[in-house]
Structure formats: structure tokens, C-alpha cells
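Undergrad: no sequence on this one, just coordinates:
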């Protein structure tokens, strides 16, 4: 579990932290260069060589694995004394970071690690601590010293600090620490219980629940786009890499940082409101990357549906609420009352079934279908005698309807706002 705090290093410490980031970036790029050269040397043909260039590496030279590159760090410190300024374990975790990316690329088949340009390497890790580094309003970082910290929430009892990641934001003007804590306590997953709802995400309404409540979508990026456009024009007029150019870039970075903070705060508050509203939540298993390729990509990126679903899953786990994702196919084209197909385009915002006459908002009907898809496998399993949402055996449509409306009065159905 990670806790993020803001730290306030002085000018000397900030200069030292920036120097550490550049040294770690150099180590990362050098290790990646060794890795790429070894791979390229194994791609040439066995009976001929290129007339232009060829990587000459002995065939007996082993693969530059994590342990081999880590063992070469002491030799590199003797050749380059400035590497000794950085803590030894920080350099080791930098090599580990590269090989974690390489291993992930091997498993997925894509995502080969890239070289880090100036300013792209933004964090480094202290992997372990002998004693608790937090002391009141300061945190003790090895070779850096005591740094003031805004400890806005204390570390829980029976938890110990495992590692600390130092993170740079807003072009090195704001600093944070991500404290990883651990405990021997095992937290079981939340079972199916209490009131169940389904949620549908969209652009007209950010969120619509199956009980009729909804949440409008704040336009975080579009509300700041005019100011951001003006600041970016000022950056374009400045001489690149000059002091005025850097000041203008910091202003742009602050706007982006503020937009991201406002969006994340909205997502967390909405997730907590959902947990107060129900004890079982079903959501659509969306493809966030696919949503960023259409003509509405700017609005979809601004809404950040993927981040919201991830945060909602985390909040539900923390608060003991059951959360599951369901297949979104057909949720907006099916009537939740008679389960008949009602085809309609995106421009049609109202659901009207010609068979049963059910009429409601399009997103509300989709949320009801999400709830139906979530409860359908539970009904099929016939969970008799288990603690479920309505604490009855779900063996038919009557039980499904009872669970869908468990604990909801008629006056609350269709109530706007979360």
C-alpha cells in the first residue's frame, strides 16, 4: 500500500536531487545501450556481414543481465567518481527498473524500453531502511538528510515502511515521496452483500447508476484550455532552453498538474459516494485505449474512464465493497425490462422499447443492463444459503428483482445526484 506525501527540500537539497536524477538517467541509458548492442549483435547472418556497419561483440560474451550490470557498478564508480554521489542501492534499483521493463516486453511482445531524454527520468527509489525514516515533520533520506514533509495522514499502526520513492513533478519544482508500507495482516476480498447497483459511464453524464441517480461530467481540460493555449503560445515565442523559456514551461506544467489533481480528486470523491450508496457495484469493462481513437477522443481522455475504474476498484477494496466488471456488449441496445433488442444510434438519448413500452434515459437503461449482466451469473449458480445481496437463494427472476431493489424505497428511485 502506498501513501504519497509532499516534501519541501531546500535549494541545496533540490539541486542534489536533480543531480541524482541525471546520474540515474545516465546509468539507465548506458545499461540500455549495452542491452541493445548485445541484441543487435545477435541479429546478423552467420555467413556474411553488412558492408555498412556491424556490431562486433564476441560470441562468448554473455547476455548483460541485471546481476552482471549490477556487479559492474563498483568498477564504473572507480572510472567515473561522480557516480559515488548517489546511494548505491538507488543505482541498483535503476538497473532493476530497466530489466523489469525488458522482462515485461518479453512477456507482452511489445513495449521495448526507450532511452530517457533530459528531464524524462523523474523518480528514484530507496529500496529499504534500517530504521523508520519518518520523524515528526521530517523524513530522513540517505545522503540527502532531513527533508521537511507534509505528513497529512499518519502511518497506520502495525505497518512498517518498506521503501520510499522520491518523485519530481512540474519540471523539478515540486517534490513528493511515495511511501510503501506493509503489514502481516491479510485483508480478504469483499463478498457479495448488501444493495447492488450497476453504473454506466458516458460523456453526456459522467456516471449513471441503475437506481436513477447520476453525476454530471466536469470538463477539467476544456475549462483550462484557453489559459493553457495562451501559455503555450508564450513558450513558443521564447528562445529554447533560455531562462524565460524554462519559466514559461513551468507555468504550463503547473496547469497540467492542476488539471490532473482536480480530475483525480473528482474520481476519488465519486468512488466514495458510490460506496456509501451500495455494497455491491458492477461496472462496464471498457477499453480505455479504444475510446481515445475516435472523434470524441479529447473528451474521453479528459474524462479518464480507465483511471476512474481503477480508483473505484481500489476504494471498494478498502471499504469492503464488492466490485466487478461485466461485458459491456449490448448494454445500450437492450431493454432492461423485457430484454428485447432496441437498436438506436448515439444521437438518440432516450430509450423507448416498442414491445413493452418502457421509457427512460439511455444511460439509465444501460446501467440497469450492467446490473443485470452482473447478477446473471450469480443467479445461474443458485447461491442457496450464502450471504448474498438480499440474503436469499437467487434461483429465479423474483429473487433477481428483490436483489436489484434491496433496501430502496420507491421515493428514492430516480433521485438525481449521488
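TA: Here it is on my side, so go on. Keep in mind that what you see is a predicted model, and the values were worked out from it rather than measured.
Undergrad: Excluding residues flanking it in the chain, which one is nearest the most centrally placed residue in the chain?
TA: The centroid of the chain falls nearest to residue 307 when counting by C-alpha atoms, centre = their mean (5.4 Å). Spatial nearest neighbour of residue 307, chain neighbours left out: residue 267 (6.1 Å); criterion: C-beta to C-beta, 6 or more residues apart in numbering. Glycine gets a C-beta too; all of them are placed from N, C-alpha and C.
Undergrad: dump the residue contacts of the one you found.
TA: Shown in contact with residue 267 (C-beta atoms under 8 Å, 6 or more residues apart in numbering): 304, 307-308, 311-312.
Undergrad: element containing residue 315, please.
TA: helix 305-319 (DSSP states H and E).
Undergrad: Could you pull out the buried residues of that helix?
TA: Within helix 305-319, the residues scored as buried using 16 or more other C-beta atoms under 10 Å are 305-306, 308-309, 311-313, 315-316.
Undergrad: next one: stretch 341-360
TA: For stretch 341-360, by 16+ other C-beta under 10 Å, it's 342, 351, 353, 358, 360.
Undergrad: What of stretch 142-159?
TA: 144, 147, 149, 151, 159.
Undergrad: and which of the residues you listed is nearest residue 298?
TA: residue 149 (36.7 Å; C-beta to C-beta).
Undergrad: and the top helix by length along the chain, how far out from the chain's middle?
TA: Using DSSP state H to define each element, the chain has its longest helix at helix 243-277. Its chain's C-alpha centre and that of helix 243-277 lie 14 Å apart, by C-alpha atoms, centre = their mean, to the nearest Å.
Undergrad: got the contact list for the helix holding residue 315?
TA: 187, 189-190, 201, 263-264, 267-268, 270-272, 274-275, 281, 283, 286, 288, 291, 321-323, 325.
Undergrad: Let's test this: mean pLDDT of the next helix-or-strand element following it, rounded?
TA: As assigned by DSSP H and E, the chain's next helix or strand after helix 305-319 is strand 322-326. Per-region confidence: strand 322-326 scores 94 on mean pLDDT.
Undergrad: Stretch 360-374 too?
TA: Taken as a whole, stretch 360-374 has a mean pLDDT of 93.
Undergrad: got it, and stretch 145-162?
TA: 93.
Undergrad: That stretch spans what distance, first to last residue?
TA: 19 Å (C-alpha to C-alpha, to the nearest Å).
Undergrad: what does stretch 316-327 give?
TA: 19 Å.
Undergrad: Run through the residues that contact the closest residue to residue 176 other than its chain neighbours.
TA: Spatially, and ignoring its direct neighbours in sequence, residue 176 is nearest to residue 167 (4.5 Å; C-beta to C-beta, 6+ apart). Applying C-beta under 8 Å, 6+ apart to residue 167 gives the contacts 4, 122-123, 175-178.
Undergrad: Mind listing the residues bridging to residue 167?
TA: residue 123, residue 176 (DSSP bridges).
Undergrad: Can you check the pLDDT for the residue nearest to the centre of the chain?
TA: Residue 307 is given a pLDDT of 96.
Undergrad: Next: residue 357.
TA: 88.
Undergrad: ok, and it, which helix or strand is that part of?
TA: Going by DSSP H and E, residue 357 is not in any helix or strand.
Undergrad: where's the residue lying farthest from the centre of the chain relative to residue 61, distance?
TA: Relative to the mean C-alpha coordinate of the chain, counting by C-alpha atoms, centre = their mean, the farthest residue is residue 47 (48.2 Å). Residue 47 sits 21 Å away from residue 61, going by C-beta to C-beta, to the nearest Å.
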